[in-house]
Structures are given as structure tokens and as C-alpha cells.
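>>> Build me a model from this:
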Amino acid sequence: MTIQSALKVGLAKVFAYALLALFFIPAITYVFAGHVQRDQDARFVAGISQRIDADRALPAAEKQARKDYYRAHPPSTICTSTDPEAQDYRAALCERYGDVWQFHLARQASLWTLVAGGALLVAVLGLGALAFVDRKLQYASFVAGWRLTTWASAAALVVQGAMAVWLSFWVTAFFFHKYSPKLIIIVGLAVAVGVFVAVAGIFKRVQAGSHAVGELVSEEDAPMLWKRIRHMARRLNTEPPQHIVAGIDANFFVTEAPLTVGTQTLTGRTLFVSLPLLRILDQSEADAVFGHELAHLRGGDTQSSARLGPKLVQFDHYRHAIRTGGLSAVVSPLLDLYRTIFEIALARDSREREFKADRVAAKLVTPGAIAQSLVKIAAYAQYRFKIEDELFGRNERHGQETLGIAGFVAQGLAPYASSSDFVDAMKTANVPHPFDSHPAMPERLRNVGMPLKEHDYGAIAVRKPASTWVQEILTADAIEQRLWSDYEQQFAQDHERSLAYRYEPANDEERALVLQYFPPVVFALKGADTVEVSIDGIRTLADGVTVGWDAVKALEFKESSFGNALIVSHPEKNAIGLGAKTSKIKLPGLKKEKDYFNAVVGDYWQRHQIMRAQQQVPQAPQVPIE
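Numbers count the residues shown, from 1 in each chain. You can find the predicted model right below:
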């Protein structure tokens, strides 16, 4: 499934959810209020008819006329009547906050909320459609949609929250002739929290920024490279980058957004170059990549991304806050709908930008150079991912020695390029990029008029360059050595931590590693009692019993004035065979540390679940990486 098709499937789902978010509660309120109004009307008309019939002083014709009047003007309609003769009637039934007044107001409010929801949906779809029309409209349409959807979400929470509180009283009162104050308070508090989250999120500012792992390459360190970049920029009639950053990631990119590199934040135009890729690319192939990136600068792609990027980040933070804010989550589908529509527009625009930049590079250098660079970059990225995935999947610690990932890739790329796995991977491969999802490589090759055959991929991938731009960067070797050392050290640390989740443990060495990350944590209880959470389970000093993690199916922390407790649901059924067997771990005196206790219990139980799941996965034999 392509990114575009996946987004369209996601759009259909989120559209359905958005319909529910906008219309479900108002529709329920409208239907319920209408049902109660019809019941009120029937009861009132029946009652007043009996009173009229019981009045012996009225002539039969007058009685019939009065009954006809009340049937034509029941309580549900009288509150909006302007008939001066009905003033006493209105005053008697439409008293503010009375039952008739409440249901009339609820019906009108829910109707107008449904209308407003429909108008909002049309506006969201219209603003989303503008993003497909022109890139210049994308920023304006997104900002307008961002403001509209965030404020509309907050307003929807207020209005629909009020309806939910009102329903929590009247539904039980009408159908069961009683109400639950506790239910009303719970719903009211949930609504208040949701509204606070929505409104606070609107005013919260998120610090957006991009980071790159690399080092600056000065003009003194690479004069010929800087000269070539500036020469190509002049040919494209665009300003050259102010900074060149060299790293070991398997991609190239340009940006005009602030970019943090180490302790520095770079502003203006920045070009990131990959030293490992520059080692396998011939200078002409690398020139084609530079031309592609400079084309993004000339086309305004990076300027557009720099303006829009922070807005997208802030909008996504707001969506996350709404989703995790309790009852506020009910309005998140509206935000998701607009974001999904916009993501489809961005993906389409990104695809067109990449094709255009490839064509510019092909014209600036040669179609063959850009085609060969795409194959080499995709092949390197695919194989490096394969190597790192195999290294990370190993169940033994890598130790303190150098992993040598760069060496493994350099030595094994040629055998990999001649394998059937390589050909299959290249059919759907794309060139990695930190900011965009690029089209699949075969499509990009056809776009520049170089649709290569499958058997050509391997030969191109292993073709040795005659000369490279790495040779012209005086600091390249030192930069690579430092970056690979830091990268592999972090890789080994991440792998070691993952082993702490994978190991049962089965021996003393494994146990020592797991305990390094998951040591026993002891919490003081009332008196001298304690509760200990460890990789073996939960143990209380009072009873000396350990509840092992394998005996846990679910956990629920319960607070009580008589003392807190952890309710453990076990995998086996209870004594009567209905529901899970449960046990209680009493936690008297655990108050201030209850949140930390719950977090620790959650972490240790999650570790155990991951470990058991890992044991169910068949382990492939580990083949030495060559």
C-alpha cells in the first residue's frame, strides 16, 4: 500500500469518526428532547382536556374549541409563540429553568449545534481542498483551518459537554424517575477538565526545531566542494547554502528552518551531506544529488517547509493534548480529519516537488548521474538498515568494542547487491529523507528518462567511484570517526537496554543486566511494612507473599479512606467460573508515592509482558556479519 492510498483509507475512517464527534451528542439530545416534548404534549393535552370536560359551566362548543386550541398549540410550541392571547399560557408553562423551558431550549440548541456542525464540516473540507490548489495557499489555508478547528473543538466541548451533563440528569429522571448526583458530578468534572485542556492547548506555544547529527564543514576545510556548490547554485539562479553540515546519516537534505547541530543553531540555508554516501558516489553522481537539493531551494520548497513546519508541529501537539485530555478526546476526530486531508495534500505536493527536482538535476548534470545516485543511495540505505537490524536483534551484549557498522556495510554491500533479496527490496525502495516521504525509486528513474532494468541495479550499486568529494573534505575522516564512535556507543546502549526487556533472565549474567535497568524498588507502608516491586513480581513484607508477573492478567489501583490497595486479576477463572480470579494487595499508608508506585508497577509489568512476547517469536540462527 502506497502512502497516498494509506492516507485515503485513513481519511475515510477519520471522516466517519468526525461525523460521530460532531453530530452524535447533539443528535441524541435532539431526539431525546423531542421524545420528551411529545410525551409532555400528550400528557398536557390529555390533562387539560379532562379539566375542560369536567367544567359543566362551559357549553359543548366552547369545550371543543378550547381542546382544539390546546391540541394545535401544545407546550412544545407555545414558548416561541408571539400570540398576545397566549401570554398567560406562556407565562404558566415557559417559566425560565422549568421543564418545558429546558426541553425547548435543549431542542433548539441541539438543532443549531447540528447545523453549526454541518457548516463546520463544510468549512474544514473547503479549507482542506484549498491545500490541493496551490502551494501558496497551503500556508494560509492551514493556519485558517488550524484556528478554526482548535476554537471549534473547544466550543464543541463546551456546548456538547453542557448537553452531556443535562442528559446525565434527565435521561435517568425521565425513564427511571430518579437521578444520580454522582453521575452528574462525574460527567461535569470530566467536561470541565476537557474544556480546560482544549482552551489551555490553544494558548500553549511549542518550541519547534530540527536537529541534525553532524559537524560544520568550513570553506577552508573543503574549498573545492564549496566552489562547486556555489557554481551549481549560480547556474540554477538561486542563492547557495550558507552552511554545509557533514554527517553519517544515509541521506542528503537542504533546509531553511533553524537547524541545531551540536550546540549551534544554524539559520538560513543549510545543506546536509552524508559522508558514507559521498564515499560511494562518483563526483558527477554527487553533483546530481547537490543539484537536486539546490532545486528545492530554487523552487521555494524549503522556504515553504520552514514556514509551515512549526505550525504543523504545534497543531500536532494540540491534537495529542486533546487526545490524552480525557473527555476532550471526543472532539479529536475533527482535528484528525483536517490534518489527514492536509497530509494528503502535502504528500501529493512532496511527490511533485521530488520529480521536479530530479528533472532539474538531470538537466544540470546528466540523467544517468541522478539515476545512478538514486540506486546507490537506496542500496546503501537498504543494506545499512539490514545490518543494523541484525545487530540490534542479537541477544548478546555487544560489549565495549567498536561495532564497525560502516565496515560491515562496506564489506557486505557487494554480496548483498547480487542477492535476490536485493532485487526485491529495490523494486519498492525509496531514497530516505528526514522531512519528506519520497516516491519509490523506480518511479523516480522513469521520471528522469532512465528506467533501469532490475539486473542493472546490482552492478550500479557496487560500481567504484573514480573520484569522490570526500577526498576534497580535509576533515572528513576525523568527522566520520567521531560521529561513528558516538553513534555506535549510543547504538550499543540502546541495544543493551532492549536486552533488559528481552531477558527472562535465564542466568546470572542476564539477571545482572536486567537488574541494572530494573532494580527492586521498595515503598514504605504503614508502620514498618513495605512493598517491593521487582522483576519477579510484587511482594509485601506484611504477608511475605510475592505475586509473580505470570500470575497477573490486569492491575487496578484503588484508593479508599480505609487504605489503598492494588487489585490483581489473574489468568485463571474465579471459584464459580465467572470472571477472572482476583486478589488484593493492601497498601496502607501509601499516599504521596502512589503515582510513582503505579508508574513503577506499570514499567515492570510491561517489561515482563515484552519478555514473554519475545520468547514466543522464533529466533533465527545468528549468522556472522561479513
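>>> Now whichever strand or helix holds residue 385: buried residues?
Residue 385 belongs to helix 367-393 when assigned by DSSP states H and E. Neighbour-count burial for helix 367-393, with 16 or more other Cβ atoms under 10 Å as criterion, is recorded at 367-384, 386-388, 391. For every residue, glycine as well, the C-beta is placed using N, CA and C.
>>> Going by contacts, tell me the helices and strands next to it.
On a contact count with 3 or more Cβ pairs under 8 Å, 6 or more residues apart in numbering; DSSP states H and E, helix 367-393 meets helix 275-280, helix 283-298, helix 332-364, helix 405-417, helix 420-427, helix 441-447, helix 454-461, helix 476-502.
>>> List just the one of the ones you listed that sits closest to residue 189.
Across the helices and strands packed on helix 367-393, residue 189 has its closest neighbour in helix 332-364 (19.5 Å, Cβ to Cβ).
>>> what's the angle from the helix or strand harbouring residue 111 to helix 332-364?
Using DSSP H and E, residue 111 maps to helix 99-133. Calculated by axes from the mean of the first three to the mean of the last three Cα atoms, to 10 degrees, helix 99-133 forms an angle of 10 degrees with helix 332-364.
>>> Now do the buried residues in helix 99-133.
For helix 99-133, using 16+ other Cβ under 10 Å, the buried residues are 99-100, 102-104, 106-107, 109-111, 113-114, 116-117, 120-121, 123-124, 127-128, 130-132.
>>> Show me how far it is from its chain's centre.
Its chain's C-alpha centre and that of helix 99-133 lie 26 Å apart, by Cα atoms, centre = their mean, to the nearest Å.
>>> So which elements touch it?
Using 3+ Cβ pairs under 8 Å, 6+ apart as the test, helix 99-133 ends up in contact with helix 3-54, helix 75-78, helix 135-176, helix 332-364.
>>> per-stretch mean pLDDT over those helices, give me the minimum one.
Lowest mean pLDDT within the helices and strands packed on helix 99-133: helix 75-78, at a mean of 81.
>>> Hmm, residue 542 is touching residue 585, no?
No - in terms of Cβ atoms under 8 Å, residue 542 does not count as a neighbour of residue 585; the distance is 9.7 Å.
>>> Compare the two (neighbour count), which wins?
residue 585 (20 against 16; other Cβ atoms under 10 Å).
>>> which non-adjacent residue is nearest the more buried one?
Of all residues not flanking residue 585 in the chain, residue 566 sits nearest, at 4.3 Å (Cβ to Cβ, 6 or more residues apart in numbering).
>>> That neighbour: what secondary structure?
strand (DSSP: H, G, I helix; E, B strand; the rest coil).
>>> Verify the stated contact: it with residue 556.
Yes - using Cβ under 8 Å, residue 566 is in contact with residue 556, at 7.4 Å.
>>> Which one's more surrounded, these two?
Shown here are residue 566 and residue 556; by other Cβ under 10 Å, residue 566 has more neighbours (21 against 10).
>>> what's near enough to touch the more buried one?
If a contact means Cβ atoms under 8 Å, 6 or more residues apart in numbering, then residue 566 has 538, 555, 556, 557, 558, 584, 585, 587, 601 as its contacts.
>>> Quickly list what the second one is bridged to.
According to DSSP bridges, the partner residues bridging residue 555 are residue 568.
>>> For it, report the pLDDT, please.
Looking at residue 555, its pLDDT stands at 90.
>>> That one: neighbour count?
Neighbour count for residue 555, taken as other Cβ under 10 Å: 16.
>>> hang on, it packs against residue 568?
Yes - using Cβ under 8 Å, residue 555 is in contact with residue 568, at 6.1 Å.
>>> and the helix holding residue 385 with helix 454-461, angle?
Using the same axes, to 10 degrees, helix 367-393 lies at 80 degrees relative to helix 454-461.
>>> ok, back up a step: got the helices and strands packed on helix 367-393 as CSV, with distance to residue 597 and mean neighbour count columns?
As requested, the helices and strands packed on helix 367-393 are exported to CSV (distance: least, Cβ to Cβ, whole Å; neighbours: other Cβ atoms under 10 Å):
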stretch, distance to residue 597, mean neighbour count
helix 275-280, 47, 23
helix 283-298, 51, 24
helix 332-364, 30, 21
helix 405-417, 40, 17
helix 420-427, 47, 14
helix 441-447, 51, 19
helix 454-461, 54, 17
helix 476-502, 21, 16
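>>> Looking at these, which is nearest to residue 84?
When the helices and strands packed on helix 367-393 are ranked by distance to residue 84, counting by Cβ to Cβ, first place goes to helix 332-364 at 44.4 Å.
>>> Show me what that closest one is packed against.
helix 3-54, helix 99-133, helix 135-176, helix 283-298, helix 301-323, helix 367-393, helix 441-447.
>>> Just the buried residues of the following helix or strand past the first one, please?
Following the chain from helix 3-54 toward its C-terminal end, the next helix or strand by DSSP H and E is helix 60-72. Neighbour counts using 16+ other Cβ under 10 Å place 63, 66, 70 of helix 60-72 among the buried residues.
>>> Can you lay out the residues you listed as TSV showing distance to residue 167 and pLDDT?
Below are these laid out as TSV (distance: Cβ to Cβ, whole Å; pLDDT from 0 to 100):
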residue	distance to residue 167	pLDDT
63	39	82
66	35	82
70	29	81
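>>> What is the nearest of the residues you listed to residue 496?
residue 70 (81.8 Å).
>>> Tell me who's in contact with that closest one.
Residue 70 neighbours (Cβ under 8 Å, 6+ apart): 44, 45, 48, 49.
>>> what about 6 Å?
Contacts for residue 70 (Cβ atoms under 6 Å, 6 or more residues apart in numbering) come out as 45, 48.
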